[in-house]
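Colleague: Give me a model of this one.
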Amino acid sequence: MKTKAKLIAALKIWIAIYPSITLFLHLFGKLLSGLPLYQRTFLLTVSLVPWVVFVGVPSVDFLLQSGSFKASK
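Modeller: Have a look, this model is predicted:
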């Protein structure tokens, strides 16, 4: 994978994961605040990694392709 493709992939992952983590912490932050950090991190990653891989990044890809398709018309 070339550097440009890696940068684009990293940007897509960030676009998917930033709002996901923010929403997760908004919804469950107070509930999880009593847990040790390693347990909070485990719960966050075990729920958000599949979300980002199967929903978040494909959604970003779809939106980017839809936007580029409309721009090319």
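
Colleague: When you work out contacts or count neighbours from here on, use the C-alpha atoms and nothing else.
Modeller: Fine.

Colleague: Find the residue at the geometric middle of the chain.
Modeller: Computing the C-alpha centroid of the chain and ranking residues by C-alpha atoms, centre = their mean puts residue 17 first, at 2.0 Å.

Colleague: That one against residue 56, yeah?
Modeller: Yes. Judged on C-alpha atoms under 8 Å, residue 17 makes contact with residue 56 at a distance of 7.2 Å.

Colleague: for the record, mean pLDDT for the helix or strand residue 62 falls within?
Modeller: If you go by DSSP states H and E, residue 62 is part of helix 57-72. Mean pLDDT, helix 57-72: 84.

Colleague: Show me what counts as buried in that helix.
Modeller: 57, 60 (16 or more other C-alpha atoms under 10 Å).

Colleague: helices or strands next to the lengthiest helix in the chain in the packing?
Modeller: When the chain is scanned for its longest helix (criterion: DSSP state H), the result is helix 3-32. In terms of contacts (3 or more C-alpha pairs under 8 Å, 6 or more residues apart in numbering; DSSP states H and E), helix 3-32 is packed against helix 37-51, helix 57-72.
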